[in-house]
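[1] Kindly return the folded structure for what I paste below:
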Amino acid sequence: MTHRTATKRSRFRFIGEIIAELKKVVWLSRREAAYLTFLVLVVTVAVGIMLGAFDFGFTQLVDKLFLGG
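    Reported below is the predicted structural model:
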């Protein structure tokens, strides 16, 4: 068996293993996926608002303490 033949067989074996593993996966339902997507968006917006508020507060603090604003 040549190196090239072994490489081709290992590629097909690898693809077969991928397909076998994907059949074992427990996929989310559409409802679960939508809920989790919504949850990620809500948390992302909330964290963004909090970071923006902290940034604004620290900017105001630095302006007043160090820049005399």
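[2] Report the distance from the helix or strand harbouring I15 to the chain centre.
    Assigned by DSSP states H and E, I15 belongs to helix 3-24. Offset of helix 3-24 from its chain centre (C-alpha atoms, centre = their mean, to the nearest Å): 27 Å.
[3] Which SSE is immediately downstream of it?
    In N-to-C order, the element after helix 3-24 by DSSP H and E is helix 30-66.
[4] what is the mean pLDDT for that following helix?
    What helix 30-66 shows for mean pLDDT is 97.
[5] who does it touch, helix- and strand-wise?
    If you count contacts as 3 or more C-beta pairs under 8 Å, 6 or more residues apart in numbering; DSSP states H and E, helix 30-66 packs onto no helix or strand. Bear in mind the C-beta positions are built from the backbone N, C-alpha and C, glycine included.
[6] Distance from that helix to the middle of the chain?
    17 Å.
[7] now the residue nearest to the spatial centre of the chain: how far from A46?
    By C-alpha atoms, centre = their mean, the chain has its centre lying nearest to V40, at 9.8 Å. Distance, V40 to A46, by C-beta to C-beta, to the nearest Å: 11 Å.
[8] got it, and F12?
    Between F12 and A46 the distance is 47 Å, computed by C-beta to C-beta.
[9] what do you get for G57?
    17 Å.
[10] cool, G16 as well?
    Counting by C-beta to C-beta - G16 and A46 are separated by 44 Å.
[11] same question, R11
    For R11, the distance to A46 - C-beta to C-beta - is 46 Å.
[12] Then D63?
    Distance from D63 to A46, by C-beta to C-beta: 26 Å.
[13] what's the answer for Y35, then?
    From Y35 to A46 the distance is 16 Å (C-beta to C-beta).
[14] Repeat that for K23.
    37 Å.
[15] Repeat that for F38.
    For F38 relative to A46 (C-beta to C-beta), the value is 13 Å.
[16] now do A34
    19 Å.
[17] got it, and T37?
    From T37 to A46 the distance is 15 Å (C-beta to C-beta).
[18] close enough to count as contact, L28 and L36?
    Yes - counting by C-beta atoms under 8 Å, L36 is a contact partner of L28 at 7.2 Å.
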